[in-house]
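Student: Whatever this is, show me its structure:
(chains A and B)
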Amino acid sequence: MADEVILLSYWPSMFGMRAMIALEEKNIKFDYREQDLFNKSQILIETNPVHKKIPVLIHNGKPICESLIVVEYIDETWPGENQLLPSDPYQRAQAKFWADYIDKKVNGPTRLIWAGKGEEIEAGKKEFIEVLKTLETELGDKTYFGGETFGFVDIAFIGFYSWFDAYEKLASFSIEAECPKVIAWAKRCLKRESVAKSLPDSDKVTKYIPELKKRLGIE
Amino acid sequence: MAERSEEVKLLGMWASPFSRRVEIALTLKGVPYEFSEQDIANKSPLLLQSNPVHKMIPVLLHNGKPISESLVILEYIDDTWQNNPILPQDPYHRAMARFWARFVDEQIYVTAMKVVGKVGEERDVAVEATRDLLKLLEKELVGKNFLGGERLGFVDIVATLVAFWLMRTEEVVGVKVVPVEMFPEIHRWVENLLDVDVIKKCIPPEDEHLNYIKARMDSLKLKSVQ
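Tutor: Down below sits the predicted model:
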């Protein structure tokens, strides 16, 4: 079967990273197409007319949008190796709950940190630490969020790690001091080839933020 | 897959679209359940214990194990009781169903809430924004009886929020957000929904529901346009 798999993404996007990691975990060859979000391509507008956002996975011409939906699609389409969601319905539901928690709770405060000013940054930092602590409690002493195997929740969260250095510098704090288990977990994840290949260098992200703010007109 | 002597309990709230969608799914599967009405203003120890992260209804307790977030619960129900499937089997169609379900919750619901929460010009803007989103749903319904195709499915269950909450609230607010001339497919779909016994059984009784919405809006000191 000659599958044609195209991924529309944008290198600093943790949502794009989710799709990449899932494809790498499944050993799927794909054509990566970097998108300019300030000058949206015809293909992006056509494949995600509702949100016009990355990531979009185009599998044999059919587009799938929204990063967690893409990851689950990948898991359902290539069920063979490295199952990302557990088979047990209750464990599946727990994984989806925590991935949804990350979607609902992490983006708000972290955006305040990198795009905000003064008090906003402080508020973002405070809230982000609370969220991290909730995640750390859930992680506990497990190797990965799902237990012994790398999976859905790890994929949902690990992309943010490439921004941690930027958050720490912008809001003057140490995530490791607050949540050492989260950092130990992130380092374990980075040992996986799928993650190492998909996450940009922290340094590159940190250096890119001023440019990003300029392009967004929020400098 | 379902075991005998199962205990299924739903912590919900009678007028909540998120709670009702879980009831629709359980009823569709023929799963008997105990409904426990929750007081949102005074959260019970059981709710706080079962959903310590968000402290929100609905929570499904299956043999004592709690599951939260209505979309997660719907998928759990579909995975656990496999008769009368709610989601399609094919991965691509499953992804599409999940996409539209999220669209209802993250776009339509969030935008439509502003119609209730705002007045004057801001409300007009919210009405227009809601209609822009509903146009996409309208397009999805062309040539179909349900959002799920020939029969009721995941997106229909989730979008009862549009059919019976948004479209009932507009009566109370006095702003027609979904006029039939503009949204004939959505209106046709609402009629189709009302032909489904499970839906009829699981949506809040209209009079009581309208009174509830009215009282809630009064308590929020939001004046209707009329």
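
Student: Is chain B within reach of the top helix by length along chain A?
Tutor: Longest helix in chain A, counting residues (DSSP state H): helix A:118-139. Yes: Helix A:118-139 is in contact with chain B by CB under 8 Å from any CB of the partner chain, via residue A:134. Bear in mind the C-beta positions are built from the backbone N, C-alpha and C, glycine included.

Student: I'd like the next helix or strand past that helix.
Tutor: helix A:152-158 (DSSP states H and E).

Student: For that next one, list every residue counted as buried.
Tutor: For helix A:152-158, a neighbour-count test (16 or more other CB atoms under 10 Å in any protein chain shown) marks A:152-158 as buried.

Student: Whichever strand or helix holds residue B:79 packs against which elements?
Tutor: If you go by DSSP H and E, residue B:79 is part of helix B:70-80. Where contact means 3 or more CB pairs under 8 Å, 6 or more residues apart in numbering or on different chains; DSSP states H and E, helix B:70-80 is packed against helix A:89-105, helix B:17-29, strand B:59-62, helix B:91-102, helix B:154-160.

Student: what's next to the last one, contact-wise?
Tutor: Applying CB atoms under 8 Å, 6 or more residues apart in numbering or on different chains, the external contacts of helix B:154-160 come out as B:17, B:20-21, B:24-25, B:28, B:70-71, B:74, B:78, B:86-87, B:97-98, B:100-101, B:104-105, B:137, B:146-148, B:189, B:193, B:199, B:203.

Student: CA atoms of that helix as CSV?
Tutor: Only the C-alpha atoms of helix B:154-160 are listed here, as CSV (Å, rounded to 0.1, in the frame of the first residue of the first chain):
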residue,chain,number,x,y,z
PHE,B,154,-21.9,11.4,17.9
VAL,B,155,-22.1,14.8,16.4
ASP,B,156,-26.0,14.8,16.6
ILE,B,157,-25.8,14.0,20.3
VAL,B,158,-23.3,16.8,20.9
ALA,B,159,-25.2,19.2,18.7
THR,B,160,-28.4,18.8,20.6
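
Student: so residue A:101 sits right up against residue B:53, yeah?
Tutor: Yes: in this structure, residue A:101 is within contact of residue B:53 by CB atoms under 8 Å, at 6.4 Å.

Student: what do those two both touch?
Tutor: residue A:134.

Student: Would you mind telling me which of these two has more residues around it?
Tutor: More crowded of residue A:101 and residue B:53, by other CB atoms under 10 Å in any protein chain shown: residue A:101, with 21 against 14.

Student: how much space between that one and chain B?
Tutor: Relative to chain B, residue A:101 is positioned 6 Å away (CB to the nearest CB, to the nearest Å).

Student: show me the residues around that residue that make contact.
Tutor: So residue A:101 contacts A:134-135, B:53 (CB under 8 Å, 6+ apart).

Student: Adding distance to residue A:48 and pLDDT, write the buried residues of helix A:152-158 out as CSV.
Tutor: CSV is the format used below for these (distance: CB to CB, whole Å; pLDDT from 0 to 100):
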residue, distance to residue A:48, pLDDT
A:152, 22, 98
A:153, 24, 98
A:154, 25, 98
A:155, 20, 98
A:156, 19, 98
A:157, 23, 98
A:158, 23, 98
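
Student: can you put those in TSV and add distance to chain B?
Tutor: Formatted as TSV, these follow (distance: CB to the nearest CB, whole Å):
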residue	distance to chain B
A:152	12
A:153	13
A:154	18
A:155	16
A:156	13
A:157	15
A:158	20
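
Student: Does residue B:79 touch residue A:92 like I think?
Tutor: Yes: look at residue B:79 against residue A:92 with CB under 8 Å: they come within range, at 6.3 Å.

Student: can you list the residues of chain B near chain A?
Tutor: B:53, B:62, B:65, B:67-69, B:71-73, B:75-76, B:79-80, B:91-92, B:94-95, B:98-99, B:102-103, B:136.

Student: Select only the buried ones of these in ChimeraX?
Tutor: One line in ChimeraX is enough to select the buried ones among these; burial here means 16+ other CB under 10 Å:
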select /B:62,67,68,69,71,72,73,75,76,79,80,91,92,94,95,98,99,102,103
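
Student: With chain B in mind, check whether stretch A:82-91 reaches it.
Tutor: Yes: using CB under 8 Å from any CB, stretch A:82-91 reaches chain B at A:89-90.

Student: thought residue A:105 was touching residue A:131?
Tutor: Yes: between residue A:105 and residue A:131 there is a contact at 4.8 Å, judged by CB under 8 Å.

Student: Please name the nearest non-neighbouring residue to residue 108.
Tutor: Since you didn't name a chain, this refers to chain A. residue A:127 (7.2 Å; CB to CB, 6 or more residues apart in numbering or on different chains).

Student: that's the other chain; I wanted chain B
Tutor: residue B:133 (5.0 Å).

Student: Which residues outside the helix or strand harbouring that neighbour are in contact with it?
Tutor: Per DSSP H and E, residue B:133 falls inside helix B:120-141. The contact list for helix B:120-141, computed with CB under 8 Å, 6+ apart, reads A:50, B:100, B:103-104, B:107-108, B:111-112, B:114-115, B:117-118, B:147, B:159, B:162, B:166, B:175, B:177-178, B:182-183, B:185-186, B:188-189.

Student: For that helix, buried residues please.
Tutor: B:123, B:126-127, B:129-131, B:133-134, B:137-138, B:140-141.

Student: now that helix against helix B:91-102, angle please.
Tutor: 160 degrees (axes from the mean of the first three to the mean of the last three CA atoms, to 10 degrees).

Student: Only C-alpha atoms, please: export helix B:120-141 in CSV.
Tutor: The C-alpha trace of helix B:120-141 is given here as CSV (Å, rounded to 0.1, in the frame of the first residue of the first chain):
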residue,chain,number,x,y,z
GLY,B,120,-26.7,46.1,22.2
GLU,B,121,-24.1,46.2,19.6
GLU,B,122,-21.9,43.6,21.2
ARG,B,123,-24.8,41.2,21.1
ASP,B,124,-25.4,41.9,17.4
VAL,B,125,-21.7,41.0,16.8
ALA,B,126,-22.1,37.8,18.8
VAL,B,127,-25.3,36.9,16.8
GLU,B,128,-23.5,37.3,13.5
ALA,B,129,-20.5,35.3,14.7
THR,B,130,-22.7,32.5,15.9
ARG,B,131,-24.5,32.5,12.6
ASP,B,132,-21.2,32.3,10.7
LEU,B,133,-20.4,29.2,12.6
LEU,B,134,-23.8,27.7,12.2
LYS,B,135,-23.6,28.1,8.5
LEU,B,136,-20.8,25.5,8.5
LEU,B,137,-23.1,23.1,10.3
GLU,B,138,-25.9,24.0,7.9
LYS,B,139,-23.6,23.0,5.0
GLU,B,140,-22.8,19.7,6.7
LEU,B,141,-26.4,18.8,6.8
